[in-house]
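S.K.: Predicted coordinates and the sequence they were generated for:
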Amino acid sequence: MPTSATAPTPSSFPISESASDTPTQTFQSFGLSTPLVRDLNRAGLVNPTPIQSEAIPPGLEGRDVLGCAQTGTGKTAAFVIPMIERLAGGPRGNPRGLILAPTRELVFQIQETVDKLGRSRRIFSTAIVGGSDMLAQVRGLRQRPEIIVATPGRLLDHMWQGNILLNKLKIVVLDEADRMLDMGFSQQLNQIIDALPEERQTLLFSATLPSNLGDLAKMSLNNPVHAMVSKRATPATNVTHKLHHTTQGEKTGLLLSLLKEKRESVLVFARTKHRVNRLGESLEKLGHRVAVLHGDRRLSQRRAALEGFRRGRFTVLVATDVAARGLDVDNIGHVVNYDLPYTAEDYVHRIGRTGRMQKTGSATSFVTEEDSNNLRAIEKLIGQAVPRATKNRPQSRHNPATRSRSGKPFVKRSRTQSITDSGTRIRQFGEKSRHGTPARTTASLR
């Protein structure tokens, strides 16, 4: 099994051995085949991004790669391009490429990129995710795709049933590796890596470098080239972000005021599935074209929400952190953290949904007194204070966020009600903790 000489840590990931010191100006300079360059141009890709300039050359040479870059910088093409070029023209049969990703949405987006860029080179893929018909996936495997794009849990299901053989794999990609570890997939990844052929190329990509990533890198990579565009989780320079100090009851009024100002599409993040649903219903009643996205939605509903948001049928998407990684929508103009995320890293991932591929974007966070610890953690991680917005509290007394399920306004809280609310917050945090266990995570998100 490939191992590196020493286990890398966030402070010791070297950047000295990079693929290139200066960004390459065109994809042709990589020596790519004419059909692949044609597909790249057809997809609107002409000049490589920094992570692509760093990762593609060693990938084409068959070297292992450890890549780190902010979201929205073109990481998917950075591993798909060398994978297509190296697999093209090889024997068909068992899959020769495997891409692992943390969520179903990201799997489908990667599959779309593979099929789009691999069309002329006759490289095709199939998606293996939870929440879809196993028999339909078996039929897809029988079409002899060159590349499998999968979530770890469902891939293991097929491996245990004998539907997939990995002995012919030549290239393996671990995408959003930090997120897979966050979601409790460490054990599943270990099982999959143990089943891989020893002679293979592995590319590992991550948006951040948490301490537990070192063990995974040591287990899966062999003397990798380090393509480090950004070692630290920081907001992209083309994204402006600010926060509003507010109360829970004023959040929706602030959101409505913001939506009146913004003409572009807006992505709104809330912590819980219940809050996402209620907020979506409130906005829809007020005439907004809104879709919701969270882990309890059926796969068809999630795909419809993403596609509708991407095409502009919905101008507002309200989501939990299930969409914070891998959401590939180019025209998101603004991100709203209706609730601050549980972890500081997720703040960077959330606001990274806007300002993609060198476009400008903006983000606004609503911060209550209860968020003070989270805010300190965020500002410590990014190394700067989040700019404060001018206080502009909504004047409307008909705030959807301050209504009960029956639609009646809440009365002023008594001490008993405050205690009840505190209990609710404790249950919400407890719910997240339960969702964070490997068994529950694998069952719900694989």
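M.R.: In hand now; what should we look at? Numbers count the residues shown, from 1 in each chain.
S.K.: Roughly how far does the residue lying closest to residue 134 once chain neighbours are set aside sit from residue 220?
M.R.: Spatially, and ignoring its direct neighbours in sequence, residue 134 is nearest to residue 157 (7.2 Å; Cβ to Cβ, 6 or more residues apart in numbering). Yep, even glycine has a C-beta here, placed from its N, CA and C like the rest. To residue 220, residue 157 is 21 Å away according to Cβ to Cβ, to the nearest Å.
S.K.: Among these two, which residue is more densely surrounded?
M.R.: Taking other Cβ atoms under 10 Å, residue 157 and residue 220 do not tie; residue 220 has more neighbours (26 against 19).
S.K.: Just the pLDDT for the residue nearest to residue 134.
M.R.: The model reports residue 157 with a pLDDT of 96.
S.K.: Over to residue 390?
M.R.: 72.
S.K.: Check residue 89 too.
M.R.: In this model, residue 89 is scored at 85, pLDDT.
S.K.: Run a quick neighbour tally on it.
M.R.: For residue 89, using other Cβ under 10 Å, the count is 10.
S.K.: Chain neighbours aside, what residue packs nearest to it?
M.R.: residue 121 (7.8 Å).
S.K.: who's in contact with the one you found?
M.R.: Residue 121 is in contact with 33, 35, 36, 39, 84, 85, 88, 89, counting by Cβ atoms under 8 Å, 6 or more residues apart in numbering.
S.K.: related to what we said a few turns ago, and the residue nearest to residue 134, that's in a helix?
M.R.: Yes. Counting by DSSP: H, G, I helix; E, B strand; the rest coil, residue 157 is found in a helix.
S.K.: State whether it and residue 131 are indeed in contact, as I suppose.
M.R.: No. Taking contacts as Cβ atoms under 8 Å, residue 157 lies outside contact range of residue 131: 11.8 Å.
S.K.: Flag the shaky bits of the stretch 51-200 of the chain, pLDDT-wise.
M.R.: Judged against pLDDT under 70, the stretch 51-200 of the chain has no low-scoring part.
S.K.: in it, which spans are helices?
M.R.: For the stretch 51-200 of the chain, applying DSSP state H, counting those that start in this stretch gives helices covering 75-87, 104-117, 134-141, 152-160, 177-182, 186-195.
S.K.: right, so of those helices, which gets closest to residue 351?
M.R.: Proximity to residue 351 (Cβ to Cβ) singles out helix 177-182 among the helices of the stretch 51-200 of the chain, at 15.7 Å.
S.K.: and that closest one, what other elements does it pack with?
M.R.: Judged by 3 or more Cβ pairs under 8 Å, 6 or more residues apart in numbering; DSSP states H and E, helix 177-182 is in contact with helix 186-195, strand 201-206, helix 213-220.
S.K.: For residue 177, which of these is the nearest?
M.R.: Comparing the helices and strands packed on helix 177-182 by their distance to residue 177 (Cβ to Cβ), the top pick is strand 201-206, with 4.6 Å.
S.K.: Looking at the closest one now, give me its mean pLDDT.
M.R.: For strand 201-206, mean pLDDT rounds to 96.
S.K.: Would you mind getting the angle between that strand and helix 186-195?
M.R.: Orientation check (axes from the mean of the first three to the mean of the last three Cα atoms, to 10 degrees): strand 201-206 against helix 186-195 gives 160 degrees.
S.K.: Poorly predicted segments of the stretch 301-446 of the chain, please.
M.R.: Residues of the stretch 301-446 of the chain that meet the criterion pLDDT under 70 lie in 323-326, 357-358, 391-446.
S.K.: 80 instead, please
M.R.: 322-328, 330, 345, 355-359, 390-446 (pLDDT under 80).
S.K.: Which residues belonging to stretch 359-376 are considered buried?
M.R.: 361, 362, 363, 364, 365, 366, 367, 368, 371, 374, 375 (16 or more other Cβ atoms under 10 Å).
S.K.: And for stretch 167-174?
M.R.: Neighbour-count burial for stretch 167-174 flags 169, 170, 171, 172, 173, 174 (criterion: 16+ other Cβ under 10 Å).
S.K.: gap between the two ends of it?
M.R.: The first and last residues of stretch 167-174 sit 17 Å apart, counting by Cα to Cα, to the nearest Å.
S.K.: Residues contacting that stretch, please?
M.R.: Contacts to stretch 167-174, defined as Cβ under 8 Å, 6+ apart, come from residues 79, 82-83, 86-87, 90, 93-100, 180, 189, 196-197, 200-205, 216, 220.
S.K.: from those residues, which would you call buried?
M.R.: 79, 82-83, 86-87, 94-100, 180, 189, 196, 200-205, 216, 220.
S.K.: for the stretch 251-400 of the chain, what spans make up the strands?
M.R.: Secondary structure of the stretch 251-400 of the chain by DSSP state E, counting those that start in this stretch: the strands cover 265-269, 290-293, 316-319, 332-337, 361-367.
S.K.: Parallel or antiparallel, list what pairs with the fourth one.
M.R.: Looking at strand 332-337 with DSSP bridges, its paired strands and their directions are strand 265-269 (parallel), strand 361-367 (parallel).
S.K.: Contacts for the shortest one, please.
M.R.: Think strand 265-269. The contact list for strand 265-269 (Cβ under 8 Å, 6+ apart) reads 255, 258-259, 279, 309, 312, 314-321, 323-324, 327, 329, 331-339, 341, 350, 353-354.
S.K.: How is the chain divided into domains?
M.R.: 27-228, 239-409 (automatic domain parsing).
S.K.: how long is the longest one end to end?
M.R.: Across its full length, domain 27-228 reaches 19 Å end to end, with Cα to Cα as the criterion.
S.K.: from the chain's centre, how far out does that domain sit?
M.R.: 15 Å (Cα atoms, centre = their mean, to the nearest Å).
S.K.: got the contact list for residue 366?
M.R.: By Cβ under 8 Å, 6+ apart, the contact set of residue 366 is 243, 244, 246, 251, 254, 255, 336, 337, 338, 339, 340.
S.K.: Can you tell me the closest non-neighbouring residue to residue 54?
M.R.: residue 227 (3.6 Å).
S.K.: ok but the one you found is inside a strand, no?
M.R.: Yes. When three-state DSSP is applied, residue 227 is found to be in a strand.
S.K.: and it, what are its bridge partners?
M.R.: Note on residue 227: beta-bridge partners by DSSP bridges are residue 67.
S.K.: Count the residues that sit near it.
M.R.: 29.
S.K.: so it touches residue 52, yeah?
M.R.: No. At 9.1 Å, residue 227 does not count as touching residue 52 under the criterion of Cβ under 8 Å.
S.K.: Could you pull out the residues contacting both of these two?
M.R.: The contact lists of residue 227 and residue 52 share residue 78, where a contact means Cβ under 8 Å, 6+ apart.
S.K.: how about the contacts of residue 121 in JSON lines, adding distance to residue 108?
M.R.: Below are those laid out as JSON lines (distance: Cβ to Cβ, whole Å):
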{"residue": "33", "distance to residue 108": "26"}
{"residue": "35", "distance to residue 108": "24"}
{"residue": "36", "distance to residue 108": "22"}
{"residue": "39", "distance to residue 108": "19"}
{"residue": "84", "distance to residue 108": "18"}
{"residue": "85", "distance to residue 108": "23"}
{"residue": "88", "distance to residue 108": "23"}
{"residue": "89", "distance to residue 108": "27"}
